[in-house]
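Visitor: Whatever this is, show me its structure:
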Amino acid sequence: MKSFLLFFFVFLTGVLNTSAQRICGSSDYKAALLHVDPSLNEVFQNVEKQIASVHSRNGSVVSRDTTASEIINIPVVIHLLYKNDAENISDAQIKSQIDALNNDFNFLNTDRANTPDAFKAFSGNARIKFCLAQVDPQGRRTTGINRKYTNTGVFTPDDGMKMVAKGGVAAWDSKHYLNIWVCKLTSRSLGYATPPGASADKDGVVIAYDVFGTVGNLRAPFNKGRTATHEVGHWLGLIHIWGDTHCGSDQVDDTPTQQSYNFGCQSFPKISTCSPNKNGDMFMNFMDFTNDACMNMFTTGQVNRMRAIFAKNGIRNAFLSAFACDSTLAQNGPLPEQADDVKPIKIVELLSSTKVYPSPVQTVTTIECKVATALSVKTMDIFNTLGVKVYSTRLIQEKTIINLSNLVAGIYFIHIGDGQDKFTTRIIKQ
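Guide: Numbering: from 1, shown residues only. The predicted structure follows:
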């Protein structure tokens, strides 16, 4: 552990002479892990091969593959560690960060309009939705916010915030929850993330409390929630856009090669010695080091890379069966015994306006929901009889056609909406 810390302190000493510049510890965290345990190199290389090929070397059994248009739901637990009132940030600040993640990963951020015209065609929608977990690992209801007082004044990048013995809190099941530790970090470090394939009990993201969210106790120019966007990008397999080396590669085809990172806010075009054309650096990319207000895009290539780790046998494939975003699945198991009889408020309207046909189905089914655009929550999930989520999408029109050819024969439950707008029915796949 001493060698782990020494590696980080050498890194920090080299960068702390700058002012108001983004400091991401993810690449150095990964290097430190490899320094302590060189055997992890094979693990990370195999993850990289899987991302590139969307196939697994070990053939481990998973429930299913993802589809191109599917909304991938990520339950998030916030482990908030505080020693004083300033560090004990509000629920509103935490929720504002979840909103920022959803905007950035779903191409809903209003500042996407600031992307230079030369790069707009490369902008990508990851179709990844984050929620504060509503069900904990024991099946109980939760807010997804886990607050804990700590005697530790400041945490360093040695993962102490993830260890009870060091004043931290242990991770929830990292195959089904994105663990985000929010705490006071050493000096001006903003955060870091574990790379895909890291130890399960350390897997997740660490963010400084005063750069987390878009409202509340924040320090400019890191007050738009982009530190978490950047670090979650790492957690999903993205590399810094300059490839962490001079004119390096981030393994994505549609991000231009650039000499190094960019700080602050740059003016387009920013040309470097390795720029492939007159457009120069994509400094507004979420995986550069620019200020929050000057970041606004992922590329389609980056989106494909992130979604690849959810593919069949991918390192984060288990999230396709995560159901903790739905509060109705707490306590009494993942599905009600009589799913067809669930009739909360507004169910009469939903029953009269929703049809699922044909049933039995062989390949394609149609979800016809005339009030889809009026639902407060427009998510449609399909569960098998074990309560495992096998498909998820968003209803954006009255008729949605779904290909179920990848599902095995059996009975499935279709769950539309949440809260006051909810409809559940069964369908038979032949």
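
Visitor: pretty sure residue 299 contacts residue 282?
Guide: Yes - the pair residue 299 and residue 282 qualifies as a contact (C-beta atoms under 8 Å) at a distance of 7.5 Å. Placement of C-beta: from N, CA and C, glycine included.

Visitor: between the two, what contacts are shared?
Guide: Shared contacts of residue 299 and residue 282 (C-beta atoms under 8 Å, 6 or more residues apart in numbering): 122, 255.

Visitor: Show me what the strand ranked longest in the chain is packed up against.
Guide: If you go by DSSP state E, the chain has its longest strand at strand 72-82. Packed against strand 72-82, as judged by 3 or more C-beta pairs under 8 Å, 6 or more residues apart in numbering; DSSP states H and E, are the following elements: helix 91-105, strand 128-132, strand 145-149, strand 178-183, strand 389-394.

Visitor: any idea of the mean pLDDT for it?
Guide: Per-region confidence: strand 72-82 scores 97 on mean pLDDT.

Visitor: Show me what it pairs with in its sheet, parallel or antiparallel.
Guide: Strand partners for strand 72-82, identified by DSSP bridges, are recorded as strand 128-132 (parallel), strand 145-149 (parallel), strand 178-183 (parallel).

Visitor: Would you mind telling me which of the ones you listed is nearest residue 425?
Guide: Distance to residue 425, taken as C-beta to C-beta, is lowest for strand 128-132 among those, at 22.7 Å.

Visitor: got a list of contacts for the closest one?
Guide: Applying C-beta under 8 Å, 6+ apart, the set of residues contacting strand 128-132 from outside is 71-78, 94-95, 98, 101-102, 105-106, 143-145, 178, 232, 236, 306-307, 324-325, 379.

Visitor: Any stretches of this structure with poor pLDDT?
Guide: Under the criterion of pLDDT under 70, the regions of the chain flagged as low confidence span 1-20, 54-63, 187, 331-353, 370-378, 385-386, 417-423.

Visitor: quick one: the strands in it?
Guide: Counting by DSSP E, the chain has these strands, from start to end: 72-82, 128-132, 145-149, 178-183, 191-193, 205-208, 354-357, 364-369, 379-384, 389-394, 399-403, 410-418, 421-429.

Visitor: Let's have these in CSV, adding mean neighbour count and distance to residue 157.
Guide: Written out in CSV, the entries for the strands of the chain read as follows (neighbours: other C-beta atoms under 10 Å; distance: least, C-beta to C-beta, whole Å):
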stretch, mean neighbour count, distance to residue 157
strand 72-82, 23, 14
strand 128-132, 20, 23
strand 145-149, 16, 19
strand 178-183, 26, 11
strand 191-193, 27, 6
strand 205-208, 25, 8
strand 354-357, 16, 49
strand 364-369, 18, 46
strand 379-384, 22, 36
strand 389-394, 20, 34
strand 399-403, 14, 44
strand 410-418, 20, 37
strand 421-429, 19, 43
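
Visitor: any chance of those in CSV, plus distance to residue 22?
Guide: Converted to CSV, those look like this (distance: least, C-beta to C-beta, whole Å):
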stretch, distance to residue 22
strand 72-82, 21
strand 128-132, 21
strand 145-149, 26
strand 178-183, 17
strand 191-193, 10
strand 205-208, 11
strand 354-357, 47
strand 364-369, 43
strand 379-384, 33
strand 389-394, 32
strand 399-403, 40
strand 410-418, 36
strand 421-429, 40
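
Visitor: which one of these lies closest to residue 34?
Guide: strand 191-193 (14.4 Å).

Visitor: Distance check, residue 142 against residue 99.
Guide: Distance from residue 142 to residue 99, counting by C-beta to C-beta, to the nearest Å: 19 Å.

Visitor: Between these two, which is the more surrounded one?
Guide: In terms of neighbours (other C-beta atoms under 10 Å), residue 142 is the more surrounded of residue 142 and residue 99; the figures are 20 against 15.

Visitor: Could you tell me which residues make contact with the more buried one?
Guide: Contacts of residue 142 were listed using C-beta under 8 Å, 6+ apart, and they are 77, 133, 134, 135, 136, 330.

Visitor: just curious, which of those is nearest to residue 228?
Guide: Out of those, the member with the shortest distance to residue 228 (by C-beta to C-beta) is residue 77, at 13.7 Å.

Visitor: partners of the closest one in the sheet?
Guide: Listed beta-bridge partners, residue 77: residue 179 (assigned using DSSP bridges).

Visitor: ok, it to residue 232 distance?
Guide: Distance, residue 77 to residue 232, using C-beta to C-beta: 14 Å.

Visitor: Are there residues contacting both of the two? Which ones?
Guide: residue 178.

Visitor: What is the burial count for the residue nearest to residue 27 when sequence neighbours are not counted?
Guide: Computed as C-beta to C-beta, 6 or more residues apart in numbering, the closest residue to residue 27 that is not its neighbour in sequence is residue 244, at 4.8 Å. Residues contacting residue 244 under the criterion other C-beta under 10 Å number 17.

Visitor: Ok, the one 3 residues further on next?
Guide: The tally of other residues near residue 247 (other C-beta under 10 Å) stands at 14.

Visitor: ok, it touching residue 274?
Guide: Yes - Residue 247 sits in contact with residue 274 when judged by C-beta under 8 Å, with a separation of 3.7 Å.

Visitor: Please enumerate the shared neighbours of the two.
Guide: Between them, residue 247 and residue 274 share these contacting residues under C-beta under 8 Å, 6+ apart: 257, 258, 259.
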